[in-house]
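Chemist: let's see this in three dimensions:
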Amino acid sequence: MSTNSMSTLTGYFKTAYADRVEDLTPDNVYYAKEIPDVASEMQPGGTYTQPVVLTSEQGITKASASAGAFALNSPIAMATGNATINGSQFLLRSGLDYETIFRSQNKNSFIRATKGVVKNMLKSAYFYMESDIMWGTQGVGTVSSVSTNTITLTTAEFAAGIWLGSENRRLRIESSAGVLRGTCAIASYDIAGRTVTVDAAPAGLTSTDIIYFEADGAAGANCMTGIYDILTPASGAFMGINDSTYSLWAPLTAFGAGSAPLSFNKILLAIAGSVNKGLGDDIKEIDVVVNPLSWQNLGNDLASLRTIDSSWKSEEAANGSEMITFFCQAGKVKIIPHKMMKEGYAFVHPKASRFFERVGCQSTPTFKLPGMVNAGEEQYLRPMENNAGIRALCPVVA
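Modeler: Below is the predicted model:
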């Protein structure tokens, strides 16, 4: 006996598709979109220079009552300096064959292939920009151990948002002393296990080795100066000013939160140290950018500092909320969870949109190049010279 089934009646059934493509790649951007561009008339042709006042006038004379025509001490002049910032640049390159372009133009495709690729290019460009703004030359992870081609990262240097959607991304791995171990491509990753499996692990990998994107160059030399670089510069000249000569130019020693979960008390202690060096003087809004796991720990600790008054809003101050805000001696503090913040760190600084500026001559990802005709897609899609396809370039010049 033969009974009809799905396998014999396949031709009777249509396949149903959703009405749009679901983009699973993460949107981890905060700094790259929050920080404004420097005014157009200030965009640099060469380096960008920021004058800085480093010391106060010190030529003070004091005298007791009835001191008469007392002598004046010599003037001791204030000191200023010029912080110079050298830019960096990156360019995202994509290609698309002609067949795909033509086949995607009719009603039986979800989206024009060119539109879909360009949209993903912009999202990818912002990811790399965000990584650079946050971590600069410091690398995106540190090796804890290696088993064949699977690399386990240290907990402190791991951020889930750096690895989401990263299959085929090219990596460069160096020793902590800057010796190149080799390059490789990501085959898979495990967020829960904090592991990255590569196509072929470079020989000699060991704990403390530092992982970069391959495009970062040796010791991250191709990257912009990131927030982590600014907060933890090597002693000596930084941006043209010697921080061992002028202590106001030197950052505070990082506050050690210890191995226990992050708490509001620890954040307040870190802020208190920064207040002594000027945090809150000009900008009374403070960002504390944390890893999502730290955010969860703070959520558990929230009730101890929350004050409910007539301005209280549940979306800002309730457990499980999108935002945690409170007030301290430096002003209003906003806790921001960020998938690209490494688990062992948090950044404390004045509100990003008021404190930072992107100083490049083209600091936003774009497809428009100087001299190109503004004519829709034709301005950024160009035929490949020796292949049946088109190329698209998305540059950023900081």
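
Chemist: and stretch 360-371, average pLDDT?
Modeler: What stretch 360-371 shows for mean pLDDT is 73.

Chemist: same thing with stretch 324-337?
Modeler: 88.

Chemist: now it, how far from the centre of its chain.
Modeler: How far stretch 324-337 lies from its chain's middle: 21 Å, per C-alpha atoms, centre = their mean, to the nearest Å.

Chemist: give the buried residues for that stretch.
Modeler: 324, 326, 328, 330-331, 333, 335-337 (16 or more other C-beta atoms under 10 Å). In this view, the C-beta of every residue, glycine as well, is placed from N, C-alpha and C.

Chemist: need those residues in JSON lines (columns: distance to I267 and secondary structure).
Modeler: Below are those laid out as JSON lines (distance: C-beta to C-beta, whole Å; DSSP: H, G, I helix; E, B strand; the rest coil):
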{"residue": "I324", "distance to I267": "10", "secondary structure": "strand"}
{"residue": "F326", "distance to I267": "9", "secondary structure": "strand"}
{"residue": "C328", "distance to I267": "8", "secondary structure": "strand"}
{"residue": "A330", "distance to I267": "11", "secondary structure": "coil"}
{"residue": "G331", "distance to I267": "13", "secondary structure": "strand"}
{"residue": "V333", "distance to I267": "7", "secondary structure": "strand"}
{"residue": "I335", "distance to I267": "8", "secondary structure": "strand"}
{"residue": "I336", "distance to I267": "12", "secondary structure": "strand"}
{"residue": "P337", "distance to I267": "13", "secondary structure": "strand"}
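
Chemist: what are the ranges of the strands in the stretch 51-200 of the chain?
Modeler: 80-85, 89-97, 141-147, 150-153, 170-174, 180-190, 195-198 (DSSP state E, counting those that start in this stretch).

Chemist: same question for the stretch 201-350 of the chain.
Modeler: Using DSSP E, counting those that start in this stretch, strands in the stretch 201-350 of the chain cover 210-213, 237-238, 241-242, 285-290, 324-328, 331-337, 346-350.

Chemist: A270 against Y345, yeah?
Modeler: No: using C-beta atoms under 8 Å, A270 makes no contact with Y345, being 11.5 Å away.

Chemist: low-confidence ranges, the protein, go.
Modeler: Scanning the chain for pLDDT under 70 picks out the ranges 1, 5-6, 8-9, 12-26, 45, 106-112, 302-323, 369-380, 398.

Chemist: pipe the buried residues of stretch 324-337 into CSV and attach distance to V359 per row.
Modeler: Converted to CSV, these look like this (distance: C-beta to C-beta, whole Å):
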residue, distance to V359
I324, 31
F326, 32
C328, 30
A330, 26
G331, 25
V333, 27
I335, 27
I336, 23
P337, 27
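
Chemist: longest helix in the chain, please.
Modeler: helix 113-135 (DSSP state H).

Chemist: packing partners for that helix?
Modeler: Helix 113-135 is packed against helix 31-34, strand 89-97, helix 98-103, helix 227-231, strand 389-397, with contacts defined by 3 or more C-beta pairs under 8 Å, 6 or more residues apart in numbering; DSSP states H and E.

Chemist: mind saving the C-alpha coords of it as CSV?
Modeler: Extracted in CSV, the C-alpha atoms of helix 113-135 (Å, rounded to 0.1, in the frame of the first residue of the first chain):
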residue,chain,number,x,y,z
ALA,A,113,21.0,43.7,-3.2
THR,A,114,22.9,46.9,-3.5
LYS,A,115,20.6,48.5,-0.8
GLY,A,116,21.0,45.6,1.5
VAL,A,117,24.8,45.5,1.2
VAL,A,118,25.2,49.2,1.6
LYS,A,119,23.0,49.2,4.7
ASN,A,120,25.1,46.4,6.3
MET,A,121,28.3,48.2,5.3
LEU,A,122,27.2,51.3,7.3
LYS,A,123,26.3,49.1,10.3
SER,A,124,29.7,47.3,10.1
ALA,A,125,31.6,50.6,9.7
TYR,A,126,30.0,52.0,12.9
PHE,A,127,30.9,48.8,14.7
TYR,A,128,34.6,49.2,13.9
MET,A,129,34.4,52.9,14.7
GLU,A,130,32.8,52.2,18.1
SER,A,131,35.5,49.6,18.9
ASP,A,132,38.2,52.1,18.1
ILE,A,133,36.6,54.9,20.0
MET,A,134,36.4,52.7,23.1
TRP,A,135,39.6,50.6,23.0
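
Chemist: so what angle separates the directions of it and strand 141-147?
Modeler: Calculated by axes from the mean of the first three to the mean of the last three C-alpha atoms, to 10 degrees, helix 113-135 forms an angle of 100 degrees with strand 141-147.

Chemist: helix 113-135: how far from the chain's middle?
Modeler: Relative to the chain's own centre, helix 113-135 is displaced by 12 Å; criterion: C-alpha atoms, centre = their mean.

Chemist: return the set of buried residues in that helix.
Modeler: Those would be 113-114, 116-118, 121-135, for helix 113-135 by 16+ other C-beta under 10 Å.

Chemist: give me the distance between N149 and R181.
Modeler: Plainly put, N149 is 13 Å away from R181 if you go by C-beta to C-beta, to the nearest Å.

Chemist: picking that back up, which one of the helices and strands packed on helix 113-135 lies nearest to T364?
Modeler: Nearest of the helices and strands packed on helix 113-135 to T364, taken as C-beta to C-beta: strand 389-397 at 7.2 Å.

Chemist: what's the closest one packed up against?
Modeler: On a contact count with 3+ C-beta pairs under 8 Å, 6+ apart, strand 389-397 meets strand 89-97, helix 98-103, helix 113-135, strand 381-383.

Chemist: among the buried residues of stretch 324-337, find me the one that's closest to D199.
Modeler: Closest approach to D199 among the buried residues of stretch 324-337 (C-beta to C-beta): P337, at 32.2 Å.
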